[in-house]
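Need coordinates for the below:
(one chain, ligands or ions: 2)
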Amino acid sequence: MLVVMRSDAAGEEISSIIQTIEELGFQAREIRGVQRTAIGIVGGVDGLDESSLRGLPGVSEIIRITRPFKLVSREWKPENTVVAVSDCVSFGGKSIPIIAGPCSVESEAQIIEAATVARAAGATLLRGGAFKPRSSPYSFQGLGIDGLKLLARARELTGLPIVTEAIDPQGINIVSEYADIVQIGARNMQNYSLLKEAGKIEKPILLKRGLASTITELLLSAEYILTEGNDRVILCERGIRGFDTPARNIFDLTSIPIIQGLSHLPIIADPSHGTGSREYVPSMALAAVAAGADGLMVEMHPDPARALSDGAQSLYPAQLTELVTQIKEIASTIGREVAALATATIGT
Ligand code: PEP
Ligand code: MN
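Ligands and ions are numbered 1, 2, ... in the order given. Sure, this is the predicted structure:
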């Protein structure tokens, strides 16, 4: 439930409403928007009689949020949430950050080369998994903490902020010490103990849509993170299971405008996992930007044939360079731009 205050409501009127809600036994959260201040009542509100709040000084209206998710909903917060990663990189505003890099961190030479290529191509962040949630226990599981250290080295050399995955609640703190954005992958979208821990850390979370999850389930998973206090969540469409086989997944472009209608959180697209094949990645990346995506994540490997994971969907370095150029054109057509790092960050 939301208590929307009048635009001219005084500070004391707002504090007094918060006090009343708490005295009635509910939890209140002040939400300062551009147009208005609202007070959200968190959790179940079944026992709350709206009439005890309606008509109090400064109250404009009371809105019951009927959707299953609350804190992530547009009703709760009409303005887009902009998740800042650094002074020049943020998701959810006019600029579109491009996250590029290999599926997995494999060696120092590989990740440094990938970072250098990504930086030169105009990508904004570097990706690379150090802890890999693989469908098969026999597949490469990642370099673990050594991989995190290599990512930090690549960031130091190129200035690219890093995105890397946490796969369990015990490991999220160490990942967040190194990462600029902590990824929660498709297989873990409904790992509720991991989501709760993600809600307690101080880093933005990139939450990928589950392998066969509905949009509502994705938003409810994001809600778990917000209820714990971390509202810096970036959602990611990465395709869902379908019945046909030419593409690895069904890349659900429609989810982008749908999610933007339902939620204030930024939504980015990952056409690499969405399609499973480098042949289809550029066209789907461009389509995602045209559809309004707030960012992109693409896999790129210096030598895809030798990649230890997801080689078939990893772009060649030259393909990334060409793709970034094309994305800039699409972005400018729709009044957006690709996020650029300050030149001074190179080699810092
Ligand atoms: C990844 O980003 O490499 C990954 C494992 O993605 P997803 O969780 O979407 O499968
Ligand atoms: Mn991958």
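
Can you give me the end-to-end span of stretch 271-280?
8 Å (CA to CA, to the nearest Å).

again, but for stretch 163-180
6 Å.

That one and ligand 2 in contact?
No - Stretch 163-180 lies out of reach of ligand 2 by CB under 5 Å from the ion, never closer than 9.3 Å. For the C-beta atoms, the positions are set from N, CA and C on the backbone; glycine is no exception.

so Pro304 sits right up against Gly311, yeah?
Yes - using CB atoms under 8 Å, Pro304 is in contact with Gly311, at 4.4 Å.

For the longest helix along the chain, C-alpha coordinates in PDB please.
Secondary structure of the chain per DSSP state H: the longest helix is helix 317-333. Presented in PDB, the C-alpha positions along helix 317-333 are these (Å, rounded to 0.1, in the frame of the first residue of the first chain):
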ATOM      1  CA  PRO A 317      37.100  -9.500 -31.100                       C
ATOM      2  CA  ALA A 318      36.500  -7.800 -34.500                       C
ATOM      3  CA  GLN A 319      32.800  -8.700 -34.300                       C
ATOM      4  CA  LEU A 320      32.500  -6.800 -31.000                       C
ATOM      5  CA  THR A 321      34.200  -3.700 -32.500                       C
ATOM      6  CA  GLU A 322      31.800  -3.700 -35.400                       C
ATOM      7  CA  LEU A 323      28.800  -4.400 -33.100                       C
ATOM      8  CA  VAL A 324      29.600  -1.500 -30.800                       C
ATOM      9  CA  THR A 325      29.700   0.900 -33.800                       C
ATOM     10  CA  GLN A 326      26.300  -0.300 -34.900                       C
ATOM     11  CA  ILE A 327      24.800  -0.100 -31.400                       C
ATOM     12  CA  LYS A 328      25.900   3.500 -31.300                       C
ATOM     13  CA  GLU A 329      23.900   4.200 -34.400                       C
ATOM     14  CA  ILE A 330      20.800   2.500 -33.100                       C
ATOM     15  CA  ALA A 331      21.200   4.200 -29.700                       C
ATOM     16  CA  SER A 332      21.400   7.700 -31.300                       C
ATOM     17  CA  THR A 333      18.300   7.000 -33.400                       C
END
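
what does it rub up against?
Among residues not part of helix 317-333, those counted as contacts by CB atoms under 8 Å, 6 or more residues apart in numbering are 96, 98, 100, 117-118, 120-123, 278, 281-282, 285-286, 289-290, 296, 298, 300, 302, 315, 337-338.
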